[in-house]
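Peer 1: starting from these lines, generate the structure:
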Amino acid sequence: MKKIAVLGSTGSIGVSTLDVVRAFPDHYQVIALSAGHNIDLLQKQIEIFCPQVVSVASEGDAQKLSQQLAGKNVQINFGVEGMILCATVSDVDMVVAAVVGAAGLIPTMAAIKSGKDVALANKETLVTAGSLIMAEAKKQGINLIPVDSEHSAIFQSLAGHRREDVRRLLLTASGGPFREYGLAQFDTITPTDALAHPNWDMGRKISIDSATMMNKGLEVIEARWLFDFPGSMIDVHIHPESIVHSLVEYQDGAVMAQLGVPDMKTPIAYALSWPERLPLTQQPLDLCKLGRLSFSEPDTERFPCLRLAYDALAMGGTVPAVMNAANEVAVEAFLNKRLSFLGISQVIEQTMSQHSGEELTSVDQALRADLWGRRKAHELMRGGLL
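Peer 2: Next comes the predicted model:
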């Protein structure tokens, strides 16, 4: 019986994680849950999984939840400290880090420092402070297992092979809903258009990142730190069918890949059960029915966010944290119809251009860079950048 904490339990990954847990009640016990403002869904999760500790975004949310859970034996916390408490409960064996954005950095680091294995679904943690996270994971001797389908595929495709034999990592990308759009069409894109991902059912922020291809850029940076290969060895292929989740090419020309239907429960279950596999009742992959798999190179003229992520990785230090912060601000502005779709990459690029990067030496420094990036992005948008 593995005891787990889920950070971000009401998001898409958190909900899918709890679906897996519910399907295997003899394998997992939920000890702690953290969520944002979705109190009603969290209440339902608490009634089903009976965690010892929960956390919500604010004190007001905590008071509301306490009223709704009158008589329930559960400790209710809030804010960053509440997430840290959920991530460090002594009984917990593994923390599923599924908080969206840079907000996941502090509780994920706290989980690692307390010796918990981590199933990582929060790529921004490694984008913001990858060198620090991986150094601490090594120091504590914990397992950090990727949940993103692409990184899970690479993790599986590296298994049993020598690192020194790797030629390159190949991350696949669906291309999002605007893969076939001409550049002139990008002026008309609305949030509703961008949220309609053709293959994956994801949260709002990740869906927009997929539409701009910033999500793939973040995954390139995440892969650099997870697998300790330079950006020059990490390529992206557009693969509209989302069946080949990623590949590893070796020095002798052999290519290992992991395939499957696009369903996040598969990589989530593998992260929870590794090195074993759970007997999921998922739709089987029927390659004959599928008929064909197609691949192409990404177009960084139409999708400049991917190029900006590679640039940030090359510059290193605090630059990726600033880039990620600017992206989070720009995406939120786009979703609220205060910024155009093309404006997202413009905000990010201008924010990065005004940042004097520093060598990254501490989490506090990464958080300061994150805050600087947010302030600068807001400043640029107030100045009329669209």
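
Peer 1: okay, CA-based contacts and neighbour counts for the rest of this
Peer 2: Will do.

Peer 1: quick one, what contacts residue 49?
Peer 2: Each residue near residue 49 by CA atoms under 8 Å, 6 or more residues apart in numbering is listed here: 29, 30.

Peer 1: brain fart, residue 18
Peer 2: Residues counted as contacts of residue 18 (CA under 8 Å, 6+ apart) are residue 9.

Peer 1: residue 276 too?
Peer 2: residue 270.

Peer 1: with residue 333 instead?
Peer 2: residue 339.

Peer 1: can you tell me the SS state at it?
Peer 2: Of the three states, residue 333 takes helix under DSSP: H, G, I helix; E, B strand; the rest coil.

Peer 1: what's the pLDDT at it?
Peer 2: On pLDDT, residue 333 comes in at 96.

Peer 1: could you do residue 200 as well?
Peer 2: Confidence for residue 200, expressed as pLDDT, is 62.

Peer 1: list the buried residues for stretch 266-282?
Peer 2: Of the residues in stretch 266-282, 266, 267, 268, 269, 270, 271, 272 count as buried by neighbour count, 16 or more other CA atoms under 10 Å.

Peer 1: quick one: residue 345 from residue 267, how far?
Peer 2: Distance of residue 345 to residue 267, given as CA to CA, to the nearest Å: 30 Å.

Peer 1: can you check residue 250 too?
Peer 2: Taken as CA to CA, the span from residue 250 to residue 267 is 23 Å.

Peer 1: ok, now residue 342?
Peer 2: Distance, residue 342 to residue 267, using CA to CA: 32 Å.

Peer 1: so which strand or helix has residue 82?
Peer 2: Assigned by DSSP states H and E, residue 82 belongs to helix 79-87.

Peer 1: same check, this time on residue 65
Peer 2: Using DSSP H and E, residue 65 sits in helix 59-68.

Peer 1: so for that helix, what's the average pLDDT?
Peer 2: Computed over helix 59-68, the average pLDDT equals 94.

Peer 1: check which helices and strands it is in contact with.
Peer 2: Helices and strands touching helix 59-68, by 3 or more CA pairs under 8 Å, 6 or more residues apart in numbering; DSSP states H and E, are helix 39-49, strand 75-78.

Peer 1: quick one, strands of the protein?
Peer 2: With DSSP state E as the criterion, the chain has strands at 2-7, 28-34, 53-56, 75-78, 94-97, 117-120, 144-146, 166-173, 234-238, 244-250, 255-259.

Peer 1: so which elements touch the second one?
Peer 2: So the one you mean is strand 28-34. strand 2-7, strand 53-56, helix 79-87.

Peer 1: give me the angle between it and helix 79-87.
Peer 2: Counting by axes from the mean of the first three to the mean of the last three CA atoms, to 10 degrees, strand 28-34 lies at 170 degrees to helix 79-87.

Peer 1: now strand 28-34: buried residues?
Peer 2: For strand 28-34, the buried set under the neighbour-count rule, 16+ other CA under 10 Å, comprises 28, 29, 30, 31, 32, 33, 34.

Peer 1: pairing partners for that strand, with directions?
Peer 2: Applying DSSP bridges to the sheet, strand 28-34 is found paired with strand 2-7 (parallel), strand 53-56 (parallel).

Peer 1: in the helix ranked longest in the chain, which residues are buried?
Peer 2: Criterion DSSP state H: the longest helix present in the chain is helix 363-382. Residues 363, 365-367, 369-378, 380-381 are the ones in helix 363-382 that count as buried (16+ other CA under 10 Å).

Peer 1: equivalent analysis for stretch 170-184, please.
Peer 2: The neighbour-count check on stretch 170-184 (16+ other CA under 10 Å) flags 170, 171, 172, 173, 174, 175, 176, 177, 178, 179 as buried.

Peer 1: what do you get for stretch 61-78?
Peer 2: By 16+ other CA under 10 Å, the buried positions in stretch 61-78 come out as 61, 62, 65, 66, 74, 76, 77, 78.

Peer 1: can you show me the CA trace of it as PDB?
Peer 2: Extracted C-alpha coordinates of stretch 61-78, given in PDB (Å, rounded to 0.1, in the frame of the first residue of the first chain):
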ATOM      1  CA  ASP A  61     -11.400  29.000   1.100                       C
ATOM      2  CA  ALA A  62     -10.300  27.100   4.200                       C
ATOM      3  CA  GLN A  63     -13.200  28.600   6.300                       C
ATOM      4  CA  LYS A  64     -15.700  27.700   3.600                       C
ATOM      5  CA  LEU A  65     -14.400  24.100   3.300                       C
ATOM      6  CA  SER A  66     -14.400  23.800   7.100                       C
ATOM      7  CA  GLN A  67     -18.100  24.700   7.200                       C
ATOM      8  CA  GLN A  68     -18.900  22.200   4.400                       C
ATOM      9  CA  LEU A  69     -16.900  19.400   6.200                       C
ATOM     10  CA  ALA A  70     -18.400  20.000   9.700                       C
ATOM     11  CA  GLY A  71     -17.800  16.800  11.700                       C
ATOM     12  CA  LYS A  72     -15.200  15.400   9.300                       C
ATOM     13  CA  ASN A  73     -11.800  14.400  10.900                       C
ATOM     14  CA  VAL A  74      -9.500  16.300   8.500                       C
ATOM     15  CA  GLN A  75      -6.900  18.900   9.000                       C
ATOM     16  CA  ILE A  76      -7.500  22.000   6.800                       C
ATOM     17  CA  ASN A  77      -4.700  24.300   5.800                       C
ATOM     18  CA  PHE A  78      -4.200  27.100   3.200                       C
END
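
Peer 1: having no further points to raise, I will conclude here.
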